[in-house]
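Peer 1: Got a sequence here, can you model it:
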Amino acid sequence: MDLGLSGRRALVTAASKGLGRACAATLIAEGARVFISSRSPEATAREIGAAGSLAADLSREGEPERVVAAAVDALGGLDVLVVNAGGPPPGTFQEVPLPAWDLAVQLTLMSAVRLVHAALPSLKRSEHARIVFISSISVRQPLPFLALSNSLRGAVSGLAKTLSLELASEHITVNSVAPDAILTDRIRQLAGGDEAGVRAMGERTPVGRLGTPEEFAAAVVFLCSRQAAYISGQTLGVDGGSLRGVH
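Peer 2: You can find the predicted model right below:
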């Protein structure tokens, strides 16, 4: 299937490894020109053939805007924005100190707000603009020991739905993709670095295994495609059937 992404101009953030890297690499494989950012993106940019990269800390004020400006300059515009950021630290509500909430708000919520705000002028000039938020199953089914992520990713979901309504007349689709049990460093962190624990997480899913970043990226890239032009305001789970709710 031709996804119609050849020549499309995309920015993928937090793309040096894990889900972000897989999304960037898959977009490039489909012919898109991709600019990436992370705290250390240079090696990944060379390895996957990105059109450009910029080292940035998206939790810092002004950094998301700097990334978008660099991407637009390198690509000559923007058709696709894939919003990604590293997950906030694990912990229960009673364990997480109050200063950690402020940091998580900047990393998870405000980086998304600032990226979209900066990218919108360029996206509005595109005839096939797409915004995809990399989210988490926790927006529908809160996860144990992830008070920060459960709370703030839910806020990003509210932002995504709001944007899908506000930007529909601009022909910009806005969707989220919610992973669970995809084999990344984040999963290893949550398993305490224990490989047996990592395997057990996969075995607990209905399909009996962990997903791969490439399987996750395939869903993200489809939502960026021309075939997904009538899909907006949705949260797509890529979770091996882990979500228990009907809706």
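Peer 1: Can you tell me what sits against the helix ranked longest in the chain?
Peer 2: In the chain, assigned by DSSP state H, the helix with the most residues is helix 147-166. Outside of helix 147-166, the residues within contact range by Cβ atoms under 8 Å, 6 or more residues apart in numbering are 87-93, 95-96, 100-101, 104-105, 108-109, 112-113, 116, 131, 133, 135-136, 138-139, 142-143, 172-176, 232-233, 235. Any C-beta I mention is one placed from the backbone N, CA and C, and that applies to glycine too.
Peer 1: cutoff 6 Å now
Peer 2: Helix 147-166 is contacted from outside by 87-88, 92-93, 96, 104, 108-109, 112, 133, 135-136, 138-139, 142, 174, 176, 232-233, using Cβ atoms under 6 Å, 6 or more residues apart in numbering.
Peer 1: distance between that helix and the chain's centre?
Peer 2: The chain centroid and the centroid of helix 147-166 are separated by 12 Å under Cα atoms, centre = their mean, to the nearest Å.
Peer 1: buried subset of the contacts of helix 147-166?
Peer 2: Buried members of these, scored by 16 or more other Cβ atoms under 10 Å, are 87-88, 96, 104, 108-109, 112, 133, 135-136, 138-139, 174, 176, 232-233.
Peer 1: From those residues, which land in helices?
Peer 2: The members of the buried ones among the contacts of helix 147-166 that map onto helices under DSSP H are A104, A112.
Peer 1: Mind telling me the two of the buried ones among the contacts of helix 147-166 farthest from one another?
Peer 2: Maximum pairwise distance among the buried ones among the contacts of helix 147-166 (Cβ to Cβ): 33.5 Å, between V96 and S232.
Peer 1: Of the buried ones among the contacts of helix 147-166, just say which sits nearest to I187.
Peer 2: Nearest to I187, judged by Cβ to Cβ, of the buried ones among the contacts of helix 147-166 is G87 at 10.1 Å.
Peer 1: ok, now which ones touch the closest one?
Peer 2: S149, R186.
Peer 1: Repeat that for R226.
Peer 2: G4.
Peer 1: Distance check, it against R60.
Peer 2: 35 Å (Cβ to Cβ, to the nearest Å).
Peer 1: for the protein, what are the low-confidence residue spans?
Peer 2: Along the chain, segments meeting pLDDT under 70 span 190-191, 193, 246-247.
Peer 1: So which residues of it form strands?
Peer 2: Taking DSSP state E as the criterion, the chain contains strands spanning 9-12, 33-38, 52-55, 80-83, 129-134, 172-179, 235-238.
Peer 1: Next, format those strands as CSV and append distance to E166.
Peer 2: Listed next are the strands of the chain as CSV, based on distance: least, Cβ to Cβ, whole Å:
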stretch, distance to E166
strand 9-12, 20
strand 33-38, 25
strand 52-55, 28
strand 80-83, 15
strand 129-134, 11
strand 172-179, 9
strand 235-238, 17
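Peer 1: Give me the neighbour count for the residue lying closest to V174 once chain neighbours are set aside.
Peer 2: Take V174 and drop its neighbours on the chain: the residue closest to it by Cβ to Cβ, 6 or more residues apart in numbering is S164, 4.0 Å away. Neighbourhood size, S164 [other Cβ atoms under 10 Å]: 19.
Peer 1: If anything else comes up later, I'll come back, but that's it for now.
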